[in-house]
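[1] Make a model of this:
(one chain, ligands or ions: 1)
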Amino acid sequence: MGLLVDGYWQDKWYDTASNGGRFEREDAGFRNWVTLDGSVGPSGQGGFQAEANRYHLYVSLACPWANRTTIYHRLKGLEDIISMSVVHPFMGDKGWTFAEGVGVIADPIINASYLYEVYLAAKPNYTGRVTVPVLWDKKINTIVSNESAEIIRMFNSAFDGVGAVAGDFLPSDAIIDIDEINTFVYDAINNGVYKAGFASTQAAYTEAVVALFAALDTLEVRLADQRYLIGNTITEADWRLFTTLVRFDAVYVGHFKCNIRRIVDYPNLWGYLCDLYQVSGIKDTVNMEHIKAHYYTSHATINPTGVIPAGPVIDFDKPHGRAHLSSAIL
Ligand SMILES: N[C@@H](CCC(=O)N[C@@H](CS)C(=O)NCC(=O)O)C(=O)O
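    Next up, the predicted model:
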């Protein structure tokens, strides 16, 4: 694990010492937007028009942030419009690689061995972490964005005129509510598991884990009488929560010490998780082998032996029992 500094790779673990043992996530470095007509988006520069076969997506199947983008790639029918590479689950001294392995899809763009080469191809003097997901533009030969929250908003609608399938997970009348719940879920849950797992003091860990379970408790109540986070249709807010929940019992409980309760112990959250998992196409985006291998082998400071646990046995295909909720309100 490491980062690029002025275009040179440095092998460094996260700096938590300067912040009382707390993990702080760095902002993504590339923030342009693909738009329908190439006009500038909410940030960055314009010139990235939606076109079939112009863009390439780099993901890890282990990563919850990248999983947001693979979900949209699948649900919006972008497989034939946006090509995709998959990194090896082991992230070692030089970060993500395209080493051979089950499920790895090599880089067809610059034939990179390491993901950092892709960042350098876009910006030779890049400084920052080398993260997935990455959306690459094959026409301008640069990175459009490495921020999953924004890539999924592009995928939601920008490609609708060039072959994406119908489906809107960000209805305009719900954006304010979606943004509000996203902020809560991001801070306490999506990033909360990392804050607990990467904490290097007892106080920082306790602060994060208590906030995490308080947030899960709140959502358990919220999901008692509504099927999804925003009423009774699936929105972006659900997919953003899903990618953390689906990894929770297999890796965050053990590896990140988020073990006050498991998701399977929360009746509503568990049913909700199974409900989303059973949406057509979603289970294909969940690769438990990559998920477990990545976390348990890549963080030597947390699990020095790199031994991957055998369990737990989880059946996300169980009847979710939540269909009746969607006929209740609206
Ligand atoms: N803000 C980014 C965060 C992505 C991220 O942190 N990805 C992790 C994998 S789960 C990564 O690539 N980490 C490498 C590193 O931090 O060096 C996003 O949501 O797209």
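
[2] need the residues of the chain near the ligand, please.
    If contacts are counted using CB under 6 Å from any ligand atom, the residues of the chain sitting beside the ligand are 1, 28, 60, 63, 65, 95, 129-133, 146-149. Heads up, the C-betas are built off the backbone N, CA and C, glycines and all.

[3] 5 Å instead, please
    Within the chain, the positions adjacent to the ligand are Ala28, Cys63, Trp65, Arg129, Thr131, Val132, Glu147, Ser148 by CB under 5 Å from any ligand atom.

[4] which one of the residues you listed has the most neighbours?
    The member of the residues of the chain next to the ligand surrounded by the most neighbours (other CB atoms under 10 Å) is Ser148, with 27 neighbours in all.

[5] can you pull the contacts of the closest residue to that one other than its chain neighbours?
    Counting by CB to CB, 6 or more residues apart in numbering, Trp65 is the residue found nearest to Ser148 once chain neighbours are left out, at 4.1 Å. Going by CB atoms under 8 Å, 6 or more residues apart in numbering, Trp65 touches Thr131, Val132, Pro133, Ser148, Asn190, Thr243.

[6] same deal with Asp11?
    Each residue near Asp11 by CB under 8 Å, 6+ apart is listed here: Met1, Gly2, Asp93, Lys94.

[7] Asn191 contacts Arg25, doesn't it?
    Yes: using CB atoms under 8 Å, Asn191 is in contact with Arg25, at 5.8 Å.

[8] State the distance from the residue most central in space within the chain to Trp136.
    Nearest to the geometric centre of the chain sits Trp65, at 1.3 Å (CA atoms, centre = their mean). From Trp65 over to Trp136 the distance is 16 Å, taken as CB to CB, to the nearest Å.

[9] now, which of the contacts of Asp11 sits nearest the ligand?
    Using CB to the nearest ligand atom, Met1 is the member of the contacts of Asp11 that sits closest to the ligand, with 5.3 Å.

[10] Near the closest one, how many residues? Count them for me, please.
    Summarising burial for Met1: neighbours were counted as other CB under 10 Å, giving 18.

[11] about what we covered before: so what's the residue nearest to Ser148 scoring on pLDDT?
    Here, the pLDDT recorded for Trp65 equals 98.

[12] Remind me which helix or strand it belongs to.
    Mapping Trp65 onto the secondary structure by DSSP states H and E places it in helix 64-75.

[13] Name the next helix or strand following that helix along the chain.
    Past helix 64-75, heading to the C-terminal end, the next element that is a helix or strand (DSSP H and E) is strand 83-86.

[14] What distance do you get for the closest residue to Asn32 other than its chain neighbours to the ligand?
    Closest residue in space to Asn32, ignoring its immediate chain neighbours: Gly44 at 3.4 Å, by CB to CB, 6+ apart. Distance from Gly44 to the ligand, counting by CB to the nearest ligand atom, to the nearest Å: 14 Å.
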